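Peer 1: Need coordinates for the following:
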Amino acid sequence: MPAPGKYPNELRERAVRLVAEAMVAEPDLSLNAAVIRIGPKVGIVPDTLRGWCKQQRVDTGLTPGTTTTDATKIKALEWEVKALKRANEIAISLARLSSRTSACNSRTVAAYTRTCRCWTASRARCPGPSG
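Peer 2: So this is what the prediction gives:
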């Protein structure tokens, strides 16, 4: 989750709108010149305003790129993949542990971890509860 914004959404929308209006009013005006002119007037750092304007242009489809909603969906999917990989690793390790448990006379996992010493790589076979 991103950090809370330093600027209110209303100010952000107003500043982006002012830059867009300035660029329409003066067709020769570049994005950089517009944000340098308008940023200090509304109290926003020009680089921040430039980023907002670029993202707004992507969101409206004027320029190619990843929209805000797509970026949010991508982050959620990446998080889901990470969680599924973690669950898969847990399932694999439990399956391995389960196969070791069956080698120890089919004890449960909890009993296996208390009584069996199969965890060490030096033992070739499970010694059982007495070993």
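
Peer 1: now the residue most central in space within the chain: how far from Thr69?
Peer 2: By Cα atoms, centre = their mean, the chain has its centre lying nearest to Lys75, at 4.2 Å. Distance from Lys75 to Thr69, counting by Cβ to Cβ, to the nearest Å: 11 Å. C-betas here are computed from N, CA, C, even on glycine.

Peer 1: again, but for Leu18
Peer 2: 24 Å.

Peer 1: before we move on, back to that, and the helix or strand where the residue nearest to the centre of the chain lies, what does it pack against?
Peer 2: Using DSSP states H and E, Lys75 sits in helix 68-103. Secondary-structure packing of helix 68-103 (3 or more Cβ pairs under 8 Å, 6 or more residues apart in numbering; DSSP states H and E): helix 46-60, helix 109-115.

Peer 1: Comparing those helices, which yields the minimum mean pLDDT?
Peer 2: Here these differ in mean pLDDT, and the lowest is helix 109-115 at a mean of 50.

Peer 1: in the chain, what secondary structure element scores lowest on mean pLDDT?
Peer 2: Scoring the helices and strands of the chain by mean pLDDT, DSSP states H and E places helix 109-115 at the bottom, with a mean of 50.

Peer 1: quick revisit: what about Leu18 and Thr69, which has more around it?
Peer 2: Taking other Cβ atoms under 10 Å, Leu18 and Thr69 do not tie; Leu18 has more neighbours (19 against 9).

Peer 1: Do you know the pLDDT at the residue lying closest to the more buried one once chain neighbours are set aside?
Peer 2: With Cβ to Cβ, 6 or more residues apart in numbering as the criterion, Leu18 has its nearest non-adjacent residue at 5.0 Å, and that residue is Ile38. As predicted, Ile38 sits at a pLDDT of 96.
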